[in-house]
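S.K.: Here's my sequence, what's the structure:
(one chain, ligands or ions: 1)
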Amino acid sequence: MSAKPSSKVSPIQIGVISLTCVAGIGLIGAMVTQRLGIGEAEATGQAERPSGLAAFGDLAQLATADFAVEPRSLTQVSRRLGRGETLSDLLIDLGASPAEAHRALQPIFEADYIDPRRVRPGLSATLTLEAGGEEDAPARLVAVNLRSEAETSLISTAREDGRFDATRLQARLTAAPLRVAGEVTTSLYEAALQQGAGDQQVVDFAKIFAYDVDFQREIHPGDKFEIVYESMVDERGRPVRLGNVIFASLDGKALARDFYYHVPSDDEVSDYFDANGDSATKFLMKTPINGARLSSRFGNRRHPISGYTRLHKGTDFAAPTGTPIYAAGHGTVERASRYGGYGNYVRIRHANGYQTAYAHMSRYGPGIRSGRSVRQGDIVGYVGSTGASTGPHLHYEVLVNGRHVDAMRLNFPTGRKLSETPEMMEEFLARKADVDDMRADLGASLVLTSGEADTPVGG
Ligand SMILES: [Zn+2]
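M.R.: Predicted structure coming up:
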C-alpha cells in the first residue's frame with residue numbers, strides 16, 4: 001500500500017481485507033472495496049493517481065510562463081470541486097475575487113468546454129495567483145487550470161487588460177502496454193500493485209478468473225501470475241491512464257490457465273479466451289459473493305437449534321452485513337420478497353432449467369423485483385441475518401430442474417468455444433500471437449503455464 005500513498009481508497013481496503021481475509025490473501029478485499037465504494041472510486045478515479053497528476057503538473061506553469069514578462073511572485077493552490085459546489089464557489093474559496101472568478105470562467109463556458117450545469121464533483125482546479133505589489137495588496141488571479149480527465153486540461157489565463165482567454169490542451173497519448181508478473185507472497189493484490197498495476201487492473205484480473213477460481217480459498221503463496229494491460233502515455237512517456245487487461249495468467253495450485261482479451265469479429269462480444277479459444281465466462285459464477293468465508297456446505301448436518309439431522313439445501317457464506325451479493329448468471333427474478341425462515345429472499349430463473357436463490361438478505365439490490373431481468377454480476381441484495389438465521393451470512397441455493405444441488409460441485413456449462421467456428425479460431429490465434437509477441441517484448445519468457453495445446457510464438 002505504501003507504494004501508492006495518494007490513493008484515498010487504501011485505508012478502506014485495509015479495513016475490508018482485515019475483516020474478510022481469512023487465508024491472508026487480500027485480493028478479494030480490494031474487489032469488495034471497489035464495489036462497495038463506488039462513489040469513492042469515482043471521486044478519486046484515474047486523475048487522482050500521481051502519474052496522472054504529474055502529466056499535467058507543469059501545464060499551468062507553462063501557460064503562465066508565457067505571460068510572465070518579468071519576475072513575479074506566483075503561488076499555486078488547488079482543490080477538487082465538492083458536491084453541491086459551483087466552480088465559481090471553488091475559485092473564490094481558493095483566493096480569486098468574485099469578479100475574477102467570473103472573468104476566468106466565462107470564456108471556458110462560452111467556448112463550451114464545460115457545461116456549468118453539468119460540472120461533476122471531483123473536477124480539480126489549480127489557481128495561479130500573483131502576489132500584489134504592496135505587502136497587504138490582494139493577490140491577483142493569473143491563471144486557472146481545470147482538469148476533469150487526466151488527458152484534458154482547460155486553462156484560462158489573464159491578459160494585460162484583465163480579461164481571460166481559455167484554451168483546451170489535449171495531451172498526445174500513445175498506447176503502451178504494461179506487464180506485471182510475479183509470485184504471490186501474501187496477496188496477489190499487493191504483489192500486482194507494488195509492480196505498478198492499478199486497483200482496476202487487479203479487480204479485472206480477478207473477474208476474469210472468477211468462474212474458475214475461488215480467490216478466497218484457492219490462491220496460495222507461491223502461485224504465479226502475469227497481467228498485461230493497456231496504458232496510455234503522454235509525450236514524455238509517463239502513463240496517464242491505465243486500461244483493459246489484455247492478458248491474464250495464473251499458474252497456481254488450483255488452476256493453471258492463460259486468458260487473452262479478444263473481440264471476435266462475428267458477434268463483436270468482447271471476452272477472455274484461453275489458448276484453446278474457450279471463453280473464460282461461464283453460465284453461472286462459482287460463488288455469488290466476494291470476500292466471504294464458506295461457513296456451511298451443502299449436505300446433511302445437525303441443526304444447531306433443533307438438534308435434528310437434516311439436509312442443508314444450500315451453501316452458507318459468512319460475510320459482514322451489507323456485503324453485496326451478485327446474480328450468479330443472466331436470468332429473470334422470480335421472487336424478491338420475505339419468504340418464511342429464508343427472510344428477505346430472491347430467486348432467479350436462468351436458462352437450461354437452472355435457478356439460484358439468495359436468502360437472509362438485509363435488503364434488496366437496486367431495481368430487484370419479481371419479473372425483472374438481471375445480468376450476471378448485478379447486485380441482487382446485501383448480506384443480512386433476516387429470517388431463521390443466527391448471524392449475518394448468505395444462504396445460497398442452486399436448483400436444476402427444481403432439485404437442489406451442491407453449487408460447489410457443479411460443472412457449469414461453459415461459454416463460447418471459438419474452435420467451433422474455424423474462421424473465428426484463426427482470427428483469435430493471430431490475435432494471440434500478437435499478444436505473445438507483445439509479452440515477449442515486455443520480458444515474458446513465454447514458458448507455457450497451462451500445458452494446453454499452444455501455438456509457437458508468432459505462428
Ligand atoms: Zn444455509
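S.K.: Distance of the residue in the stretch 351-459 of the chain positioned nearest to the ion relative to Phe298?
M.R.: In the stretch 351-459 of the chain, the residue that lies nearest the ion is His395 (3.4 Å; Cβ to the ion). All C-beta spots, glycine's among them, are computed from the backbone N, C-alpha and C. Applying Cβ to Cβ, to the nearest Å, the value for His395 to Phe298 is 11 Å.
S.K.: more neighbours, these two?
M.R.: His395 (24 against 20; other Cβ atoms under 10 Å).
S.K.: surely the more buried one meets Gly341?
M.R.: No. Counting by Cβ atoms under 8 Å, His395 stays clear of Gly341, with 9.6 Å between them.
S.K.: between those two, what contacts are shared?
M.R.: Common neighbours of His395 and Gly341 are not found (criterion: Cβ atoms under 8 Å, 6 or more residues apart in numbering).
S.K.: Now do the shared contacts for His395 and Phe298.
M.R.: Residues touching both His395 and Phe298 by Cβ under 8 Å, 6+ apart: Gly314, Thr315.
S.K.: wait, what's in contact with Val380?
M.R.: Contacts of Val380 by Cβ under 8 Å, 6+ apart are 288, 325-327, 333, 336, 346, 348, 358, 361, 364-365, 368, 374.
S.K.: try His312
M.R.: Contact criterion Cβ under 8 Å, 6+ apart gives Ser296, Arg297, Phe298, Gly299, Asn300, Arg301 as the residues in contact with His312.
S.K.: The same query, at a cut-off of 10 Å, please.
M.R.: His312 is in contact with Ser296, Arg297, Phe298, Gly299, Asn300, Arg301, Arg302, His303, His395, Glu397, His404, Asp406, counting by Cβ atoms under 10 Å, 6 or more residues apart in numbering.
S.K.: Excluding chain neighbours, what is closest to the third one?
M.R.: Ranked by Cβ to Cβ, 6 or more residues apart in numbering and with sequence neighbours excluded, the top spatial neighbour of Phe298 is Asp406, at 3.9 Å.
S.K.: Go ahead and confirm that neighbour touches Ser296.
M.R.: No. Taking contacts as Cβ atoms under 10 Å, Asp406 lies outside contact range of Ser296: 11.9 Å.
S.K.: so what sits against both of those two?
M.R.: Contact criterion Cβ under 10 Å, 6+ apart; residues shared by Asp406 and Ser296: His312, Gly314, Thr315.
S.K.: Dump those into CSV; add pLDDT as well.
M.R.: CSV is the format used below for the shared contacts of Asp406 and Ser296 (pLDDT from 0 to 100):
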residue, pLDDT
His312, 85
Gly314, 92
Thr315, 91
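S.K.: From these, pick the one nearest Pro264.
M.R.: Using Cβ to Cβ, Thr315 comes nearest to Pro264 of the shared contacts of Asp406 and Ser296, at 34.1 Å.
S.K.: wait, doesn't the closest one sit right on Ala359?
M.R.: No. In this structure Thr315 lies outside contact range of Ala359 using Cβ under 10 Å: 11.1 Å.
S.K.: which one of these two has more residues nearby?
M.R.: Ala359 (27 against 22).
S.K.: send the alpha carbons of the helix or strand in which that one is found over as PDB?
M.R.: Using DSSP states H and E, Ala359 maps to strand 354-361. The C-alpha coordinates for strand 354-361 follow below in PDB (Å, rounded to 0.1, in the frame of the first residue of the first chain):
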ATOM      1  CA  TYR A 354     -31.400 -23.700 -13.500                       C
ATOM      2  CA  GLN A 355     -32.500 -21.500 -10.600                       C
ATOM      3  CA  THR A 356     -30.400 -19.700  -8.000                       C
ATOM      4  CA  ALA A 357     -31.700 -18.400  -4.600                       C
ATOM      5  CA  TYR A 358     -30.300 -16.000  -2.100                       C
ATOM      6  CA  ALA A 359     -31.600 -15.800   1.500                       C
ATOM      7  CA  HIS A 360     -31.300 -13.900   4.800                       C
ATOM      8  CA  MET A 361     -30.500 -10.600   3.000                       C
END
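S.K.: so what secondary structure elements neighbour that strand?
M.R.: On a contact count with 3 or more Cβ pairs under 10 Å, 6 or more residues apart in numbering; DSSP states H and E, strand 354-361 meets strand 324-326, strand 331-338, strand 344-349, strand 379-382, strand 393-400, strand 403-405.
S.K.: List of residues touching the second one?
M.R.: Residues from elsewhere that reach strand 331-338, judged by Cβ under 10 Å, 6+ apart: 284, 327, 342, 344-351, 354-358, 361, 364-365, 367-376, 378, 380-381, 386-387.
S.K.: likewise the first one?
M.R.: Under the criterion Cβ under 10 Å, 6+ apart, residues 32, 35-36, 210, 285, 287-292, 317, 319, 346, 358-362, 364-365, 374-384, 394, 396 lie in contact with strand 324-326.
S.K.: and the closest residue to Val202 other than its chain neighbours, helix, strand or coil?
M.R.: Closest residue in space to Val202, ignoring its immediate chain neighbours: Ala192 at 4.8 Å, by Cβ to Cβ, 6+ apart. Here Ala192 is recorded as helix under DSSP: H, G, I helix; E, B strand; the rest coil.
S.K.: what sits against Ala192?
M.R.: The neighbourhood of Ala192, defined by Cβ under 10 Å, 6+ apart, consists of 27, 30, 180-182, 184, 198-199, 201-202, 205, 225-227, 229.
S.K.: State the distance from it to Arg439.
M.R.: Using Cβ to Cβ, Ala192 is found at 16 Å from Arg439.
S.K.: what's the answer for Ser97, then?
M.R.: Ser97 is 56 Å from Arg439, by Cβ to Cβ.
S.K.: And for Asn401?
M.R.: Remark: distance between Asn401 and Arg439 (Cβ to Cβ) = 44 Å.
S.K.: So between those two, which is more surrounded?
M.R.: Legend: neighbour count by other Cβ under 10 Å for Asn401 and Arg439, higher for Arg439 (22 against 9).
S.K.: Doesn't the more buried one lie inside a helix?
M.R.: Yes. Applying three-state DSSP, one finds Arg439 inside a helix.
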